[in-house]
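Chemist: Everything below, folded, please.
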Amino acid sequence: MTSAFRARLAELGTEESGRRWLYVPYDQLTDAVGPLAEAPAEELGIVLVESPWKAAQRPYHKQKLAFVLANLRHFALEQAARGVAVRHVVHDGPYHEALAPLAAELGPLRVMEPAERELREDLAPLVESGALEVLPHAGWLTREEQFQQACGEPPWRMDAFYRRVRKDSGILMEGGKPAGGKFSHDADNRKPWKGEPPAPEPPRFTPDAITREVAGLVETRFGEHPGDIDLAALPATHEDAEALWAWALRECMPHFGPYEDAISTRSSGLFHTRTAPLLNVLRLTPARVLVDVLDADLPLNSREGFVRQVLGWREFVRHVHRETDGFRDIPLREGHPLPDAWWGRPSGMACLDHAVADVWREAWSHHIVRLMVLSNLATLLDLSPRALTDWFWVAYVDAYDWVVEPNVLGMGTFAAGELMSTKPYVSGAAYLDRMGDACADCVFDPKKNCPVTPLYWAFLARHAESLAGNPRMTLPLRNVAKRSAEKRAYDAAIFDAVLEGLARGEVLHPDRLPPN
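Modeler: Below you'll find the predicted structure:
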């Protein structure tokens, strides 16, 4: 039986002769920038490749697979509708194998440089043979020389890079000075959320026959992969992307700044825009969303917070990834295996269990949950940074190698030391209680018996020697040194008990941990 997608693509088919052919990777689904924006549709042809082999390389969240595949198919139809010739190929193997015969038939293909190192490596044989010409990636906002001039030799710092690109671009600059008198308004963006203003409900989408068909394919071929598919939460078409962005500007951005660091069990996203999945496949372009935010009537701390994420951090991590060849030449800390608690087995710690449940339901959570719950607890337990990185890679709809490796290895776990972060981002229970509300439903009391606080002290004690030269850790290390021998022994005992309990798949409880 002909699929709905195949039938629709055939209806839209156009003459292929005389076209210039472009290979469009799965994360470059745009005609707003690059070759598809620079020539008339009737002069162009594109090749799109679906690779079940790629999808099977890791146990990717089913929502992530459905998101990528549905957007790729809808992009194919959108391009065919505007007159671009489309070759859609399904190949159960590497991408270079799928493209080689097409390059022989159609002539050398062009491609915007892939964002992912993994895909660049895959395509290297075609580039070396001349079958594939690499063009600059038009979706990035900054240049390598800006990174080099701002950051120089490692350690690299995002704030230096951010100041440089703000000055170069003139974004949020007034008379050569940053708007509001400072480059970062992060200090204004740390309010906990107590229920007001109400958090917006994310938009819901009506899946068409093509998106429903994609869900069926994912369930049939990758049904053993973790996570749920929620098609109504999946923006698959150009119109869906526009609707989500309109919602984000209207409902999220006015309050994004103040509550950027807040965590809540009542709203997984609060005022975060949920645009990263669309930005990372270019269904929304970074340049466009920046223009819209800068043109909108929004508080300065909300605008600057968003600019810092898109123009600052997002661009910074991709430069770091390129400079380190995906962290392959960087010595990384080893660690313990990742417990099943990250895969959905209850841990007994409400903060972790809520975060994990959200991830396997939505394939998404906002950056403070990723950093200060999931990565924080993994770091306090000395879990393997590479194992945690791979977990983020499979679990999150917006995770690609250039995103996830710097964020988790470089920042979330501090596995690369001070290469791109000034300190390990670790905390005890007080921070989680202040910025979130999961403690209210937990069997542990953050002020009395929560294991996160002794885990924090035990982490500092174990790593005091390696952290001793870090000026930002002077006060915490001084405080851990003041703890009595009895308290330090208790901290170490909690670490052992929690690590061993989670390794066995047990649910933690105050009665089963060492007494204070």
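
Chemist: contacts, neighbours, all on C-alpha from now
Modeler: OK.

Chemist: all helices for the stretch 51-200 of the chain, in order.
Modeler: With DSSP state H, counting those that start in this stretch as the criterion, the stretch 51-200 of the chain has helices at 52-55, 62-81, 95-106, 117-129, 144-151, 158-169.

Chemist: right, so of those, which gets closest to P339?
Modeler: helix 62-81 (20.8 Å; Cα to Cα).

Chemist: Quick one: mean pLDDT for that closest one?
Modeler: Averaging pLDDT along helix 62-81 yields 98.

Chemist: so what does it touch, helix or strand wise?
Modeler: helix 4-11, strand 44-50, strand 85-90, helix 209-221 (3 or more Cα pairs under 8 Å, 6 or more residues apart in numbering; DSSP states H and E).

Chemist: neighbouring strands for the third one, and are they parallel or not?
Modeler: It refers to strand 85-90. Sheet pairing for strand 85-90, assigned by DSSP bridges, gives strand 44-50 (parallel).

Chemist: which residues sit against the strand it pairs with?
Modeler: 16, 19-26, 36, 69, 72, 76, 84-91, 95, 98 (Cα atoms under 8 Å, 6 or more residues apart in numbering).

Chemist: Mind checking which of the residues you listed are buried?
Modeler: By neighbour count, with 16 or more other Cα atoms under 10 Å, the contacts of strand 44-50 hold 16, 19-26, 36, 69, 72, 76, 84-88, 91, 95, 98 as buried.

Chemist: picking that back up, can I get the helices and strands packed on helix 62-81 in CSV with mean pLDDT?
Modeler: Output for those, formatted as CSV (pLDDT from 0 to 100):
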stretch, mean pLDDT
helix 4-11, 96
strand 44-50, 98
strand 85-90, 97
helix 209-221, 97
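
Chemist: any idea which of the ones you listed is most buried?
Modeler: strand 44-50 (a mean of 23; mean count of other Cα atoms under 10 Å).

Chemist: relative orientation of that one and helix 62-81 in degrees?
Modeler: 160 degrees (axes from the mean of the first three to the mean of the last three Cα atoms, to 10 degrees).

Chemist: mind listing what T379 touches?
Modeler: By Cα under 8 Å, 6+ apart, the contact set of T379 is P385, G412, T413, V426.

Chemist: separation between the closest residue to S3 other than its chain neighbours and S427?
Modeler: Distance criterion Cα to Cα, 6 or more residues apart in numbering; nearest residue to S3, sequence neighbours excluded, is E213 at 7.8 Å. E213 is 44 Å from S427, where distance means Cα to Cα, to the nearest Å.

Chemist: Show me where the stretch 351-500 of the chain has its helices.
Modeler: Assigned by DSSP H, counting those that start in this stretch, the helices in the stretch 351-500 of the chain fall at 367-369, 376-380, 385-395, 401-405, 429-435, 452-462, 464-467, 474-482, 485-503.

Chemist: distance between stretch 480-492 and the chain's centre?
Modeler: Its chain's C-alpha centre and that of stretch 480-492 lie 37 Å apart, by Cα atoms, centre = their mean, to the nearest Å.

Chemist: contacts for that stretch?
Modeler: With contacts defined as Cα under 8 Å, 6+ apart, stretch 480-492 is touched by P454, L455, W457, A458, L460, A461, P514, N516.

Chemist: I'd like to know which of the residues you listed are buried.
Modeler: Buried, going by 16+ other Cα under 10 Å: P454, L455, W457, A458, L460, A461, P514, out of the contacts of stretch 480-492.

Chemist: Can you tell me how far the fifth one is from A363?
Modeler: Using Cα to Cα, one gets 32 Å for the distance from L460 to A363.

Chemist: Convert the helix or strand hosting F316 to PDB, retaining C-alpha atoms only.
Modeler: Here F316 sits within helix 314-323, counting by DSSP states H and E. What follows is helix 314-323, C-alpha atoms only, in PDB (Å, rounded to 0.1, in the frame of the first residue of the first chain):
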ATOM      1  CA  ARG A 314      24.100  28.300  21.800                       C
ATOM      2  CA  GLU A 315      26.800  29.800  19.600                       C
ATOM      3  CA  PHE A 316      29.500  29.400  22.200                       C
ATOM      4  CA  VAL A 317      29.000  25.700  22.800                       C
ATOM      5  CA  ARG A 318      29.100  24.900  19.000                       C
ATOM      6  CA  HIS A 319      32.500  26.700  18.800                       C
ATOM      7  CA  VAL A 320      33.800  24.800  21.800                       C
ATOM      8  CA  HIS A 321      32.600  21.500  20.200                       C
ATOM      9  CA  ARG A 322      34.500  22.300  17.000                       C
ATOM     10  CA  GLU A 323      37.600  23.300  18.800                       C
END
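
Chemist: Walk me through the domains of this protein.
Modeler: 4-135, 144-317, 340-512 (automatic domain parsing).

Chemist: ok, P114 - how many residues close by?
Modeler: 20 (other Cα atoms under 10 Å).

Chemist: so how far is P94 from the nearest residue to it once chain neighbours are set aside?
Modeler: Counting by Cα to Cα, 6+ apart, R120 is the residue found nearest to P114 once chain neighbours are left out, at 5.9 Å. With distances taken as Cα to Cα, R120 is found 11 Å from P94.

Chemist: Tell me if I'm right that E362 and D228 touch.
Modeler: Yes. Counting by Cα atoms under 8 Å, D228 is a contact partner of E362 at 7.4 Å.

Chemist: Make TSV from the helices and strands packed on helix 62-81 and add distance to A131 to it.
Modeler: Output for those, formatted as TSV (distance: least, Cα to Cα, whole Å):
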stretch	distance to A131
helix 4-11	26
strand 44-50	14
strand 85-90	17
helix 209-221	31
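
Chemist: between those, which gets nearest to R143?
Modeler: Among the helices and strands packed on helix 62-81, strand 44-50 sits nearest to R143 (Cα to Cα), with 26.5 Å.

Chemist: tilt between the closest one and helix 95-106?
Modeler: Using the same axes, to 10 degrees: strand 44-50 against helix 95-106 is 150 degrees.

Chemist: Show me how far strand 44-50 is from its chain's centre.
Modeler: Remark: strand 44-50 is offset 26 Å from the chain centroid, using Cα atoms, centre = their mean.

Chemist: about what we covered before: any idea how far the residue nearest to P114 is from M112?
Modeler: Distance, R120 to M112, using Cα to Cα: 11 Å.

Chemist: Are there residues contacting both of these two? Which ones?
Modeler: By Cα under 8 Å, 6+ apart, no residue touches both R120 and M112.

Chemist: out of those two, which sits in the more crowded spot?
Modeler: More crowded of R120 and M112, by other Cα under 10 Å: M112, with 19 against 15.

Chemist: tell me the contacts of the more buried one?
Modeler: By Cα under 8 Å, 6+ apart, M112 lies in contact with V24, G34, V134, L135, P136, H137, A138.

Chemist: Find the nearest non-adjacent residue to the fourth one, please.
Modeler: Read it as L135. Spatially, and ignoring its direct neighbours in sequence, L135 is nearest to M112 (4.6 Å; Cα to Cα, 6+ apart).

Chemist: thinking again about what came up before, next, format the domains of the chain as TSV and append distance to E334.
Modeler: Shown next, in TSV, are the domains of the chain (distance: least, Cα to Cα, whole Å):
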stretch	distance to E334
domain 4-135	21
domain 144-317	21
domain 340-512	6
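
Chemist: among the ones you listed, which is nearest R328?
Modeler: Of those, nearest to R328 by Cα to Cα is domain 340-512, at 10.0 Å.

Chemist: Do I have it right that R386 meets L409?
Modeler: Yes. Judged on Cα under 8 Å, R386 makes contact with L409 at a distance of 7.1 Å.

Chemist: Of these two, which one has the most company?
Modeler: Comparing R386 with L409 by other Cα under 10 Å, the one with more neighbours is L409, at 25 against 20.
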